[in-house]
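Trainee: Structure of the sequence below:
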Amino acid sequence: MLNEIRQKIEDEIETLSRELAFELPERIRKAVELGDLRENSEYKSALERQQFVNARIGHLRHRVSELSQIDVEGMPPDRVGFGSRVTVHDRVRGMQVTYTIAAGDYIDIEAGHVSMASAIGRGLMGARQGEEVEVRLPSGIRRYEIVELETLPQRMGMT
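Mentor: The predicted model follows:
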């Protein structure tokens, strides 16, 4: 999982770096050719995009640095934590949902990834299989039973 996340981030860094080095300078050059820069929306838009791309690259590089500091061997093999795949039974809705706990601001609900910092992630952190947890969501309190748990150390064959 760590390698997948790292690769996804590095791919985005590469795409953004290419945009920063080639596409945005060309957009800025063309906008400058249009004349008066004070009222040139293309120029302003390109500069704003350039600032955003620079900030995003910085953020992503920080994320890669954080990922390299994760100590999988020090993770509890029987508790929900980063990288865990956890199936819960939602007592209110009467259905099962599987989540993978991801780092930072990474969320992809359709793929079942939730951030450790999200309400669901915080509510599940540290729980064991068979336990019932209470998760405070904006829509109200949910009760989840941990039906199945596969931690990152287990997924990496370390237990």
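Trainee: residue contacts, residue 24?
Mentor: Going by C-beta atoms under 8 Å, 6 or more residues apart in numbering, residue 24 touches 46, 49, 50, 53. Heads up, the C-betas are built off the backbone N, CA and C, glycines and all.
Trainee: Leaving out chain neighbours, which residue sits closest to the first one?
Mentor: Spatially, and ignoring its direct neighbours in sequence, residue 46 is nearest to residue 27 (4.2 Å; C-beta to C-beta, 6 or more residues apart in numbering).
Trainee: quick one: what helix or strand has that neighbour in it?
Mentor: Following DSSP states H and E, one finds residue 27 within helix 24-33.
Trainee: just how off-centre is that helix within its chain?
Mentor: What separates the centre of helix 24-33 from the centre of its chain is 33 Å, taken as C-alpha atoms, centre = their mean, to the nearest Å.
Trainee: One more: stretch 76-84?
Mentor: Per C-alpha atoms, centre = their mean, the displacement of stretch 76-84 from the mean C-alpha position of its chain is 17 Å.
Trainee: Straight-line length of that stretch, end to end?
Mentor: End-to-end distance for stretch 76-84, by C-alpha to C-alpha, to the nearest Å: 11 Å.
Trainee: Could you export the contacts of residue 24 to a markdown table, including columns for secondary structure and neighbour count?
Mentor: A markdown table is the format used below for the contacts of residue 24 (DSSP: H, G, I helix; E, B strand; the rest coil; neighbours: other C-beta atoms under 10 Å):
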| residue | secondary structure | neighbour count |
| --- | --- | --- |
| 46 | helix | 21 |
| 49 | helix | 16 |
| 50 | helix | 17 |
| 53 | helix | 17 |
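Trainee: so what are the domain limits for the protein?
Mentor: As recorded under automatic domain parsing, the domains making up the chain are 2-69, 73-155.
Trainee: tell me the SS of residue 141?
Mentor: Look at residue 141: counting by DSSP: H, G, I helix; E, B strand; the rest coil, its state is strand.
Trainee: coming back round to it: distance of the residue nearest to residue 46 relative to residue 49?
Mentor: Separation of residue 27 from residue 49 (C-beta to C-beta, to the nearest Å): 8 Å.
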